[in-house]
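A.B. asks: got a structure for you, letters missing:
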């Protein structure tokens, strides 16, 4: 599975951890995205949801 950039560069470490958990089929049943306003929590959540719900993943998805 191809790697995809996180919605924002400062989220890359977290995005890579989720990608690794997904590759190992070890995703948790829930994730709490916390942080100050404006850091991209919503964009991160939307990208994660889209990647998990995608029926035909390709290089553009997690």
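C.D. replies: Thanks, I have the structure now. None of these values were measured; they are calculated from a predicted model.

A.B. asks: Only C-alpha atoms from now on, for both contacts and neighbour counts.
C.D. replies: Fine.

A.B. asks: what does the average pLDDT come to for stretch 41-59?
C.D. replies: Computed over stretch 41-59, the mean pLDDT rounds to 84.

A.B. asks: Please state the offset of it from the chain centre?
C.D. replies: Relative to its chain's centre, stretch 41-59 lies at 7 Å (C-alpha atoms, centre = their mean, to the nearest Å).

A.B. asks: any idea of the pLDDT on residue 9?
C.D. replies: 89.

A.B. asks: how about it, what does it touch?
C.D. replies: With contacts defined as C-alpha atoms under 8 Å, 6 or more residues apart in numbering, residue 9 has no neighbours.

A.B. asks: tell me the strands in this protein, going along the chain?
C.D. replies: For the chain, applying DSSP state E gives no strands.

A.B. asks: which residue is nearest the middle of it?
C.D. replies: Centroid check for the chain by C-alpha atoms, centre = their mean gives residue 48 as the closest residue, at 3.9 Å.
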